[in-house]
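Colleague: Test case, fold it:
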Amino acid sequence: MTGPKKQIRKMLKSKTRKEILNVKNAIKKVPISFCGVMLGLAALGNLLQSYGEGIRYICGIAAAFILVLVLLKIVMFPQMIREDMKNPIMASVSGTFPMALMLLSVYVKPFIGGAARYLWFFAIGLHIVLIIYFTINFILKLQMTKVFASYYIVYVGIAVAAVTAPGFDQLNVGTAAFWFGFASLILLFILVTLRYIKYPEIPEPARPLICIYAAPTSLCIVGYVQSVMPKSRIFLLAMLVPATVFYIFALVKAIGYLKLQFYPSYAAFTFPFVISATAAKQTMACFADMERPVPFLKPVVLVETIIAAIFVIYTFIRFMGFVFGMKKLK
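Modeller: The predicted structure is shown next:
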């Protein structure tokens, strides 16, 4: 009897080791850009909240699952993170991590109370640290060929604080975050656009990043609606027009890039389309509050919401396939 028992123990230990190794390998494959999908899911939950609180929390749980994976990667493979942060694309994309934390802090507020406020301030502080780090290492040593649309994430991304500020009664912080993001948007639009015009050849893995163009103006719109008082209808319209143009541009690009093999830059197919739909939705609500309704935005919001949901779900599945090795998902 002793022999079979030992064999069973050995088999169980071997199986456990194999499972641990598989999990470790999966964590190792988690890219920084997965944070972009986390951000997209958290934002999608807010966008779909009007269809039911349950849908919102499903998105929040999926985003929290990615958060756990990313935190495990940081703890288990810190050297890989440090190496990634030396790359301007990876470093800029890492801004989606504190952006997602800001959104998730509002999700957990009903469950952890005042601690959510500290999480929110921590996320803002982390984003400010990233801005300083990125400015010193990549802006002050600017190389135009290394400039990508992901640079928007670092500087305009802090406008997520303006989006979430009402949840913590911090409209002053939100207003400051909006104006910083808006000023950064104007400056970066010049820089990033010049880069794409002057150096149009983009490496294939980085091509989807151009879809990020849809995000910054729309993010500023949502931040403006949420945190800035009083509101100007003309100013809101002045942001909505270019936001719509950028959205159409990014959508055309995204559809074309779906033919590419999977790259972590697929994350650019998530948040930009979600925040664009959110911007249209909140603009419609804001105009209605001003007693200047724009009914033609209603079908636009519906179509953009459907497109955003499809992109986020599709991208999430592709990332899960990449991380956990489901090879059938090409």
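Colleague: what's downstream of the helix or strand harbouring Glu83, the next helix or strand?
Modeller: Using DSSP states H and E, Glu83 maps to helix 78-84. The element immediately downstream of helix 78-84 (helix or strand, assigned by DSSP H and E) is helix 88-93.
Colleague: what packs against the helix holding Glu83?
Modeller: When contacts are defined as 3 or more C-beta pairs under 8 Å, 6 or more residues apart in numbering; DSSP states H and E, helix 78-84 packs onto helix 53-76. Quick note: C-beta positions are derived from backbone N, CA and C, even for glycine.
Colleague: How far off centre is the helix it packs on?
Modeller: Computed by C-alpha atoms, centre = their mean, to the nearest Å, the chain-centroid distance of helix 53-76 equals 13 Å.
Colleague: List the buried residues of stretch 120-140.
Modeller: Neighbour-count burial for stretch 120-140, counted by 16 or more other C-beta atoms under 10 Å, picks out 120-121, 123-124, 126-127, 130-131, 134, 138.
Colleague: one step back: for the record, mean pLDDT for the helix holding Glu83?
Modeller: Averaged over helix 78-84, pLDDT sits at 97.
Colleague: do stretch 245-258 as well
Modeller: In this model, stretch 245-258 has a mean pLDDT of 97.
Colleague: What of stretch 310-329?
Modeller: Here the average pLDDT along stretch 310-329 is 85.
Colleague: ok so, going back, contacts for the helix holding Glu83?
Modeller: The contact list for helix 78-84 (C-beta atoms under 8 Å, 6 or more residues apart in numbering) reads 28, 32, 73-74, 90-91, 94.
Colleague: For it, list every residue counted as buried.
Modeller: For helix 78-84, a neighbour-count test (16+ other C-beta under 10 Å) marks 81, 84 as buried.
Colleague: Next: stretch 158-176.
Modeller: Quick answer for stretch 158-176 (16+ other C-beta under 10 Å): 158-165, 167-168, 170-171, 173-176.
Colleague: So which of the residues you listed belong to helices?
Modeller: Mapping the buried residues of stretch 158-176 onto helices (DSSP state H) picks out 160-164, 171, 173-176.
Colleague: re the thing from before, could you single out the nearest of the buried residues of stretch 158-176 to Leu297?
Modeller: Using C-beta to C-beta, Val163 comes nearest to Leu297 of these, at 19.0 Å.
Colleague: right, and that closest one touches Val222 too?
Modeller: Yes. Taking contacts as C-beta atoms under 8 Å, Val163 lies within contact range of Val222: 5.1 Å.
Colleague: still on that earlier bit, out of the contacts of helix 78-84, which comes closest to Ile275?
Modeller: Ranked by distance to Ile275 (C-beta to C-beta), the contacts of helix 78-84 are led by Ser94 at 18.2 Å.
Colleague: Spatially nearest residue to that closest one (excluding sequence neighbours)?
Modeller: If the residues on either side of it in the chain are set aside, Ser94 comes closest to Ile32, at 5.2 Å by C-beta to C-beta, 6 or more residues apart in numbering.
Colleague: thinking again about what came up before, could you dump the buried residues of stretch 120-140 to TSV with secondary structure?
Modeller: Formatted as TSV, the buried residues of stretch 120-140 follow (DSSP: H, G, I helix; E, B strand; the rest coil):
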residue	secondary structure
Trp120	helix
Phe121	helix
Ala123	helix
Ile124	helix
Leu126	helix
His127	helix
Leu130	helix
Ile131	helix
Phe134	helix
Phe138	helix
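Colleague: correct me, but Ala250 touches Pro216?
Modeller: No. Counting by C-beta under 8 Å, Ala250 stays clear of Pro216, with 11.0 Å between them.
Colleague: Tell me which of those two has more neighbours.
Modeller: Pro216 (30 against 23; other C-beta atoms under 10 Å).
Colleague: Next up, the contacts around that one.
Modeller: By C-beta under 8 Å, 6+ apart, Pro216 lies in contact with 152, 156, 159, 181, 185, 188-189.
Colleague: change it to 7 Å
Modeller: Pro216 sits next to 152, 156, 185 when contact means C-beta atoms under 7 Å, 6 or more residues apart in numbering.
Colleague: Let's have these in CSV, adding pLDDT and secondary structure.
Modeller: CSV is the format used below for the contacts of Pro216 (pLDDT from 0 to 100; DSSP: H, G, I helix; E, B strand; the rest coil):
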residue, pLDDT, secondary structure
Tyr152, 98, helix
Val156, 98, helix
Leu185, 98, helix
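Colleague: No more questions from me, cheers.
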